[in-house]
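**Q** One predicted model, sequence on top.
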Protein chains: 2
Amino acid sequence: MDVFQAMVEMRAMRRLKPDPVPADLIREVITYATHAPSGSNSQGWRFVVVTDPAKRAAIGEYYRQAVDNYLATMNTAPLPHQTRDEWERLCAAVRWQGDHVGEAPVLIFPCLKGARRGLEHATASRALAASVYPAVENLLLACRAKGLGATLTTLHFGHEAAIDELLGLPADAATFAMIPVGYPMGNFGPTRRLPVETVIGWDGWGE
Amino acid sequence: MDVFQAMVEMRAMRRLKPDPVPADLIREVITYATHAPSGSNSQGWRFVVVTDPAKRAAIGEYYRQAVDNYLATMNTAPLPHQTRDEWERLCAAVRWQGDHVGEAPVLIFPCLKGARRGLEHATASRALAASVYPAVENLLLACRAKGLGATLTTLHFGHEAAIDELLGLPADAATFAMIPVGYPMGNFGPTRRLPVETVIGWDGWGE
């Protein structure tokens, strides 16, 4: 698949079929993730891949609670650039994902070793994140190109200690996302974004 | 270009020609950047694109000092997975970039509005970063596919207040990277990474 098509058509695919995804396909999309850059080429990432049904169910229950909270307190009105219809469809998809994420066949947690302390320092937190989210984007694009649905989610941070324990994370490691992966119920299609000129500042911040 | 080829061949291209890059090409790679996901589809990013020679020279001087410090105190020995030769080539390329980045025709600073306070909180810092570094990866891949060299750098954080002022950032905004862009002196080629099985934990952290 063309790289620009993959970027334009990669969207949050929240409604997933429960059908299993072959382990080799998961290995392949993670291989592409690891071709992303990392600071000093440190490759300090680890991808925890959860397919165990009991673990997925437990994580799914935490996630459902996090979605309850998100929709009740954090995402309660459309953003300035969203129509009410777009926003309601987004909320419905998030709600569906909250109720079903434990049934997604694969949950991928991109993690970094030794990251825990730096997350609360303005410079370190960005330098660490810069060494894992590029890999996350490669993972999402690779899923799109392979016909797998995926979403970059972070609401599990609301139950982080419990999930870290469930995943067996070392004390100094941290998850950076939870990416449910599976075959999508819906269709891929192009995303729409703000006009590019409105997000560029030429030679300074601008407007 | 095939999406997987772009991922595998996108590498830090630090040695850039000073030849200008057309503004339309910069707009195009930033357009693809904006197709990345962002939390609640907030699209809170802003891409500050510096081509002004005096601003580039001033930023370049700060960056040179940051590279001096990085090579003297932060990257002083090969990582366990690096050969000494790989490490020495990396250091030489970083040194070259430190001495010449002000001559790169374009410096792109991906920023987020309203990010400043959250950078020092473990949850917020990751949620914010998750809404900008995926776009950075798209930008890097788009540059690769268009034949432009680019590098994800963060050493400018060492002189952040001065650079924020130079860019005219609002007090609550923050840069997340500095990406020098230009036509590369060297050739693109595949990156080598750790074997994927060593970075996967199946159903838990593992080894």
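**A** Sure thing, it's come through.

**Q** so A:Glu28 sits right up against A:Ala142, yeah?
**A** Yes - assessed by C-beta atoms under 8 Å, A:Glu28 is found in contact with A:Ala142 at 7.2 Å. The way it works is simple: take the backbone N, C-alpha and C, and place the C-beta from them, glycine included.

**Q** More neighbours: those two, which one.
**A** A:Ala142 (25 against 15; other C-beta atoms under 10 Å in any protein chain shown).

**Q** next helix or strand past the host helix or strand of the more buried one?
**A** Counting by DSSP states H and E, the element that carries A:Ala142 is helix A:133-145. Per DSSP H and E, the first helix or strand lying C-terminal to helix A:133-145 is strand A:149-150.

**Q** Summarise which helices and strands that next one is packed against.
**A** For strand A:149-150, the elements it packs on are helix A:133-145, strand A:179-182, judged by 3 or more C-beta pairs under 8 Å, 6 or more residues apart in numbering or on different chains; DSSP states H and E.

**Q** next one: that strand to chain centre, how far?
**A** 9 Å (C-alpha atoms, centre = their mean, to the nearest Å).

**Q** I'd like the C-alpha coordinates of the helix holding A:Ala142 written as PDB, please.
**A** Taking C-alpha atoms only, helix A:133-145 is exported to PDB below (Å, rounded to 0.1, in the frame of the first residue of the first chain):
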ATOM      1  CA  TYR A 133       5.000   7.300  19.900                       C
ATOM      2  CA  PRO A 134       6.700   7.300  16.500                       C
ATOM      3  CA  ALA A 135       6.800   3.500  16.800                       C
ATOM      4  CA  VAL A 136       3.200   3.600  17.800                       C
ATOM      5  CA  GLU A 137       2.300   5.500  14.600                       C
ATOM      6  CA  ASN A 138       4.300   2.900  12.500                       C
ATOM      7  CA  LEU A 139       2.300   0.200  14.300                       C
ATOM      8  CA  LEU A 140      -1.000   1.900  13.400                       C
ATOM      9  CA  LEU A 141       0.000   2.400   9.800                       C
ATOM     10  CA  ALA A 142       1.200  -1.200   9.500                       C
ATOM     11  CA  CYS A 143      -2.100  -2.400  10.800                       C
ATOM     12  CA  ARG A 144      -4.000  -0.300   8.300                       C
ATOM     13  CA  ALA A 145      -1.900  -1.600   5.400                       C
END
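
**Q** Please, where are all the strands along chain A?
**A** Here chain A has its strands, by DSSP state E, at A:45-50, A:106-112, A:149-150, A:174-175, A:179-182, A:200-202.

**Q** What lies in contact with the fourth one?
**A** For strand A:174-175, the surrounding residues in contact (C-beta atoms under 8 Å, 6 or more residues apart in numbering or on different chains) are A:48, A:109-112, A:115-116, A:119, A:156-157, A:160, A:163-164, A:167, A:169, B:122, B:126.

**Q** Mind checking which of the residues you listed are in helices?
**A** Residues from the contacts of strand A:174-175 lying in helices, with DSSP state H as the criterion: A:160, A:163-164, A:167, B:122, B:126.

**Q** ok, so of these, who is nearest A:Val8?
**A** A:Val8 lies nearest to B:Arg126 out of the ones in helices among the contacts of strand A:174-175, by C-beta to C-beta, at 25.9 Å.

**Q** pretty sure that closest one contacts A:Leu119?
**A** Yes - between B:Arg126 and A:Leu119 there is a contact at 6.7 Å, judged by C-beta under 8 Å.

**Q** Common neighbours of those two, please.
**A** A:125, A:174.

**Q** before we move on, back to that, export the strands of chain A to TSV and append columns for distance to A:Asp19.
**A** Below are these laid out as TSV (distance: least, C-beta to C-beta, whole Å):
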stretch	distance to A:Asp19
strand A:45-50	16
strand A:106-112	11
strand A:149-150	11
strand A:174-175	25
strand A:179-182	7
strand A:200-202	42
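
**Q** wait, does stretch A:74-86 contact chain B?
**A** Yes - shown here: stretch A:74-86 in contact with chain B (C-beta under 8 Å from any C-beta of the partner chain) through A:74-75, A:79, A:81-82.

**Q** follow-up on the earlier one: neighbour count: B:Arg126 and A:Leu119, which is higher?
**A** The neighbour count for B:Arg126 versus A:Leu119, taken as other C-beta under 10 Å, is higher for B:Arg126 (25 against 22).

**Q** what's the most buried one of the strands of chain A?
**A** Most buried of the strands of chain A, by mean neighbour count (mean count of other C-beta atoms under 10 Å in any protein chain shown): strand A:149-150, with a mean of 26.
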